[in-house]
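Asker: Whatever this is, show me its structure:
(4 chains)
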Protein chains: 4
Amino acid sequence: MKDTEQLTEVVSGSDVGMVIVMDGAAGPDELGRVRERLAAMGFDVHESAGAERTVLGAVGGNGGPVDPRELQVLPGVKEVLNLSKPYKLVSRSFRAEPTVIELDDVRIGGSEVVLMAGPCGVESEEQIHIVAEHVAKAGAKILRGGAFKPRSSPYSFQGLGGDGLRYLRAAAEANGLKTISEVMDPSQLELMSEYVDIFQVGARNMQNFALLKALGRQRRPVLLKRGLSATIEEWLMSAEYIMAGGNHAVILCERGIRTFERHSRNTFDISAFPIVKKLSHLPVIGDPSHAIGIRDKVAPLSRAAVAAGADGLIVEVHNTPEQALSDGPQSLFPEQFVTLVEQLRQIAPAIGRTVA
Amino acid sequence: MKDTEQLTEVVSGSDVGMVIVMDGAAGPDELGRVRERLAAMGFDVHESAGAERTVLGAVGGNGGPVDPRELQVLPGVKEVLNLSKPYKLVSRSFRAEPTVIELDDVRIGGSEVVLMAGPCGVESEEQIHIVAEHVAKAGAKILRGGAFKPRSSPYSFQGLGGDGLRYLRAAAEANGLKTISEVMDPSQLELMSEYVDIFQVGARNMQNFALLKALGRQRRPVLLKRGLSATIEEWLMSAEYIMAGGNHAVILCERGIRTFERHSRNTFDISAFPIVKKLSHLPVIGDPSHAIGIRDKVAPLSRAAVAAGADGLIVEVHNTPEQALSDGPQSLFPEQFVTLVEQLRQIAPAIGRTVA
Amino acid sequence: MKDTEQLTEVVSGSDVGMVIVMDGAAGPDELGRVRERLAAMGFDVHESAGAERTVLGAVGGNGGPVDPRELQVLPGVKEVLNLSKPYKLVSRSFRAEPTVIELDDVRIGGSEVVLMAGPCGVESEEQIHIVAEHVAKAGAKILRGGAFKPRSSPYSFQGLGGDGLRYLRAAAEANGLKTISEVMDPSQLELMSEYVDIFQVGARNMQNFALLKALGRQRRPVLLKRGLSATIEEWLMSAEYIMAGGNHAVILCERGIRTFERHSRNTFDISAFPIVKKLSHLPVIGDPSHAIGIRDKVAPLSRAAVAAGADGLIVEVHNTPEQALSDGPQSLFPEQFVTLVEQLRQIAPAIGRTVA
Amino acid sequence: MKDTEQLTEVVSGSDVGMVIVMDGAAGPDELGRVRERLAAMGFDVHESAGAERTVLGAVGGNGGPVDPRELQVLPGVKEVLNLSKPYKLVSRSFRAEPTVIELDDVRIGGSEVVLMAGPCGVESEEQIHIVAEHVAKAGAKILRGGAFKPRSSPYSFQGLGGDGLRYLRAAAEANGLKTISEVMDPSQLELMSEYVDIFQVGARNMQNFALLKALGRQRRPVLLKRGLSATIEEWLMSAEYIMAGGNHAVILCERGIRTFERHSRNTFDISAFPIVKKLSHLPVIGDPSHAIGIRDKVAPLSRAAVAAGADGLIVEVHNTPEQALSDGPQSLFPEQFVTLVEQLRQIAPAIGRTVA
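Answerer: Modelled structure (predicted):
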């Protein structure tokens, strides 16, 4: 058939493109309207009239993202196929080499699997110091701990705020660790910048675009958690938001997606590791604690993530989980973390990696 | 079998096609291997080498279904787009007019919304007679009642079998109704054919291909429930299985899909009605009882289905739901069914339809 | 068994409570630790030692929300059942009568189904005036139109901001309409308060807790969209956040949830209407445009929502949808909206309601 | 049948129970009806009237499975909590020690991770011999290969039937392997018993109860795949069906569940391994090939499964995947399988296990 040839010729001129398959019964008027619409969107259109139906190839476009539904609703259109990906900067086509994010001697995205650990929330100066010492000794490089907590109930512990940040920083420095903490609102960025090496964006804020834009304008690395029901493509689009603002230091973090299964809090999407590695150059780590939500299954998921190619893990560890103000049930005891790290040290070499 | 032969002819004559987008870095060897593979699959291949990448258009094919992954895994391939639908006989392209299935004066798929009602399972001769009288008086045209019950627990009531079928038939005839009952295994078809006007395939058997093939070989209408996690495309494919066997009298039935929401047993996919109507010529009805699983919400969902364009409803009604051997909690009391039918009679005319 | 009696006695003292089922093999040490933990959480504990296992009933608590996992992880615990709902103010137990939100003579949650309509985004002064006139004439009471747009791509149209708000207000006043527009960040509240009668919270911000708190502190009504993967319980919890801040004027809005089905953008959860009506006194409306994402299916879903008991609809209408800067494909033409309203006027009386 | 009798005895002897929370406004009549219903179901009822509400505890029951909705629909009932699990024989409470299934010297569920490998379908005598030799040399103990293929399209390759079984058996024996193959219908059992050591039940047949019952009556081990949208509880219930028939040799197999994510064919539920291990004594293995559906991600998922505690893997391997009649794109090349097994040999010892 002649048409497909012409069609593909066109498409090949650009990464942005669409294929519009017309209905067999579509007449010249309908075809004309589709062509007009494509032209208005800035596309070059190449038509090929086959025996049974006409197919249009569209390339170029005015550079903006395209909503294929705009063509799908036109009379006479049977199907629209979008050849273009909505993201650019995050993609392997844009940058073939893996991005490595460096914080002094800590390298995220390199051959070493990097461990981030600590309590869900900073609860006191003493608590964070004890945990920091434990996790540093075990092999962690980055101390986690929330100061501003996103809680689904307005009646729950909401974090220590500025005090929490100071305690976190002091505990980290005393133990040679870097810090990571969650930011919930652009208004917190200035204060947090004094204490935090990596900004964490929680799952519920993955599409808080005001926040993503603000993070794109500053220069600290951002750990971007996948939303509870976000597709991998949407997750990468949110990373694109940050990168489009000028900040290319984005770390992706898989933390479980929502499914019908009720025995796990969320379903840890283990396939996300090899899939993201193929689509993007950005590092991707795993958060098994929030995925499974219960302590005794954190270790199996952590081992699985490393075996599947994760660049790191962020794990909740608490000195006295049974007294934690939040997420105690999913926090490891320090000695469980030690055992886990030993297991990871055995697993990582199977795929040519190391654990500190 | 002749039917399949004819069918295949249709398929191969049609516009089966794919677009293969090559990677920018793909060389002539990789291109060559893709072309070879397409040729082996019976496709005509049209190449167009653009500045950035080459795109191949493939048309024709040897008539069999195509697995696009076979091309996707080849080295140098970036993306594969499948232009062809896997089904033919169920599609609006194959038959533009809506299919109307006639059982004497009952017409499913016409302008009248057809009501099927009755208990989950036939429990006794008396019970089914009482219910039949109630639902016939209220306006139902078809009596439902299971004789072989699919139960997720091996310890639950499994149905009355042959006796149940006889009771069902007698109660229907005494009240001028047609019958519908669930078939679970090809071995039941012969016996059931004596008593049943429509064979019902349950959600859990939507892809029991041995059963679908057997139903394709006989000539009674089949009501095919959508599987708990079946896409609309897969559901249509299962209808295609029956039609490919030569039996074109298929009624589709939406009964709720599985999601993360826990307040409803299943999520009644109300969008399925307008979507199926556009893709296929087959009639589509709703089963609100199994979707929601609780009596007091059956009426709102029934009204919604009719308002969205359903060709009929299948509703569980029991004379004494609190004593039902199965699904009592989702069965309507007879007087609730009467009220519901009155509401439906007010709603249907809004879209040019009637309720008996 | 004696234990259950004691247990239930306890539970009945309060709405907050838990049942802890111990493992058959659990000994006195394990039991002791569970009792201690419950005591520390402020619960009164009632034990009942049966033949096979011990069951603990816990009532009271220190008033905060309880994480049942804290008990589930203790040694010897087999299962924990939470008897308490996490929300209070939104619940029917708190307020039996339906909440009616009044904006002059517009009453949301009363017997009249209220229609909100307008373009996705305000694109120009002229556009919003034309649309406002159309929808007012057709029967809408509230004009929708975005000034700040949440877009999943950083490269898409982001709204007209303050100018958009001014145009929206002027167009509404000229046609006797109220206004609704989306707020994305607490920093926008002050400006928006001058122009907007109802603040809309988008699905992606349903758990943006900083925003919810800010909305709880002001006094205009809030329309809260359900998140893409939010359970009904989480949605009600987000409403609780706003109400806990002192603002009781919350309107819930179902806009489709994410499932595996690919023929619809989202799955419009029609069951949410009767379910929410039973759990809460708040009004609940439907957004069919965002649920289905394609124009020709907006009408069937709108009719279904009203038939299922929705208190209103918010529908995208555009004078020239094919030129819309966003969501054109899901926007109705003005004449389609007129036809839809006529259908709704026929359907609403079936359940004792009216449409303006 | 004796087995079921014994089983039922177990069930009714045990701690089946429910907690019924009454509405605050419920009166004595409503309470009376709930008590009657519970009594009719064989429960002992214990009432406790508190200040705000009455709670009923129900223990005992007549031994059959209970549908909590039967109580939930009664007037005055606010909530019903089911304390009992629907399964017994599969549970860790029934049998604390892990079940090890032995086929001569192959032990499934022991400390060694068992590998099953082979093509999706047996395509020819030569093909299966070549693959068998490869996988045996690499370390597999069991040869997989379909003779009856469940295909979602009626136009696809449907398997070689009896010839396929003979080829499979011969190839296995020549290489010291056991065999596994899928059974789709009870009518195939007799023929297959001559050639097959383990019967495989596909995901689409997980709730084909006629098939499960037939498998319960025979004595060969059964590998039961999890349905595409089956909860872990339903999966265990299907295993219970087989065990209730008297056949206790059931191997569970996780093969991915359906979610909204489109980059993977299914979402491999890695959490299922530790969860099932805790709930049940049955062995559980992973099928990464069907989960991800594309070759280059089979190895990461296989490593993850072993790291998470899987008792084995079933992997598709084909000598010439690019020419496979089905599932070629997800089949490993023999040399990829060799590499994978080497990686697994490094990972297994981290959790005290070995790979052949």
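
Asker: give me the element the residue in the stretch 201-350 of chain A that chain C sits nearest to is part of.
Answerer: Residue of the stretch 201-350 of chain A nearest chain C, by CB to the nearest CB: residue A:229 (3.0 Å). Backbone N, C-alpha and C define where each C-beta goes, glycine included. Assessed by DSSP states H and E, residue A:229 sits outside every helix and strand.

Asker: The residue nearest the centre of chain A bridge partners, please.
Answerer: Closest to where the C-alpha atoms of chain A average out (CA atoms, centre = their mean) is residue A:252, at 3.5 Å. Beta bridges link residue A:252 to residue A:224, residue A:284 when assigned by DSSP bridges.

Asker: tell me the pLDDT at it?
Answerer: Here, the pLDDT recorded for residue A:252 equals 98.

Asker: For it, give its distance to residue C:219.
Answerer: 40 Å (CB to CB, to the nearest Å).

Asker: Contacts only, for the spatially closest residue to residue A:111 that is not a sequence neighbour.
Answerer: Distance criterion CB to CB, 6 or more residues apart in numbering or on different chains; nearest residue to residue A:111, sequence neighbours excluded, is residue A:353 at 5.4 Å. Going by CB atoms under 8 Å, 6 or more residues apart in numbering or on different chains, residue A:353 touches A:111, A:112, A:113, A:306.

Asker: which non-adjacent residue is nearest residue A:230?
Answerer: The spatially closest residue to residue A:230, leaving aside those adjacent along the chain, is residue A:206, at 5.7 Å (CB to CB, 6+ apart).

Asker: Run a quick check on the one you found versus residue A:236, I expect a contact.
Answerer: No: taking contacts as CB atoms under 8 Å, residue A:206 lies outside contact range of residue A:236: 10.9 Å.

Asker: rewinding a little: can you tell me how far the residue of the stretch 201-350 of chain A closest to chain C sits from chain D?
Answerer: With distances taken as CB to the nearest CB, to the nearest Å, residue A:229 is found 6 Å from chain D.

Asker: Burial check on that residue, number of neighbours?
Answerer: For residue A:229, the count of nearby residues is 23 (other CB atoms under 10 Å in any protein chain shown).

Asker: SS state for the nearest residue to residue A:349 once chain neighbours are set aside?
Answerer: In this structure, residue A:349 finds its nearest non-sequential neighbour in residue D:346, 6.5 Å apart by CB to CB, 6+ apart. When classified by DSSP: H, G, I helix; E, B strand; the rest coil, residue D:346 comes out as helix.

Asker: For residue A:201, give me the pLDDT.
Answerer: For residue A:201, the pLDDT comes out at 97.

Asker: which residues touch the nearest residue to it once chain neighbours are set aside?
Answerer: Closest residue in space to residue A:201, ignoring its immediate chain neighbours: residue A:224 at 5.0 Å, by CB to CB, 6+ apart. By CB under 8 Å, 6+ apart, the contact set of residue A:224 is A:201, A:206, A:235, A:238, A:239, A:242, A:250, A:251, A:252, A:253.

Asker: Quick check: residue A:224 vs residue A:205, distance?
Answerer: Residue A:224 is 9 Å from residue A:205, where distance means CB to CB.

Asker: what do you get for residue A:131?
Answerer: Distance from residue A:131 to residue A:205, counting by CB to CB: 25 Å.

Asker: Please apply the same query to residue A:293.
Answerer: 19 Å.

Asker: neighbour count winner among those two?
Answerer: A count of neighbours by other CB under 10 Å puts residue A:205 above the other of residue A:293 and residue A:205, at 27 against 20.

Asker: The more buried one reaches residue C:208, doesn't it?
Answerer: Yes: between residue A:205 and residue C:208 there is a contact under CB under 8 Å: 6.7 Å.

Asker: about what we covered before: residues in contact with the residue nearest to residue A:230?
Answerer: A:224, A:225, A:226, A:227, A:230, A:234, A:235, A:238.

Asker: picking that back up, which residues touch the residue of the stretch 201-350 of chain A closest to chain C?
Answerer: Residue A:229 sits next to A:257, A:258, C:227, C:228, C:229, C:258, D:260 when contact means CB under 8 Å, 6+ apart.

Asker: same deal with residue A:96?
Answerer: By CB under 8 Å, 6+ apart, the contact set of residue A:96 is residue A:281.

Asker: does it sit in a helix, a strand or a coil?
Answerer: Three-state call for residue A:96 (three-state DSSP): coil.

Asker: Around chain B, which positions in the stretch 151-300 of chain A sit nearby?
Answerer: Within the stretch 151-300 of chain A, the residues that sit near chain B (CB under 8 Å from any CB of the partner chain) are A:258, A:259, A:260, A:262.

Asker: name the element the last one belongs to?
Answerer: Read that as residue A:262. Going by DSSP H and E, residue A:262 is not in any helix or strand.

Asker: what about the closest residue to it other than its chain neighbours, distance to residue A:291?
Answerer: The spatially closest residue to residue A:262, leaving aside those adjacent along the chain, is residue D:231, at 6.3 Å (CB to CB, 6+ apart). Per CB to CB, residue D:231 is found 17 Å from residue A:291.

Asker: For residue A:37, list the residues it contacts.
Answerer: By CB under 8 Å, 6+ apart, the residues touching residue A:37 are A:70, A:71, A:74, C:322.

Asker: if you set the cut-off to 10 Å instead, what comes out?
Answerer: Shown in contact with residue A:37 (CB atoms under 10 Å, 6 or more residues apart in numbering or on different chains): A:20, A:43, A:45, A:58, A:70, A:71, A:73, A:74, A:77, C:322, C:323.
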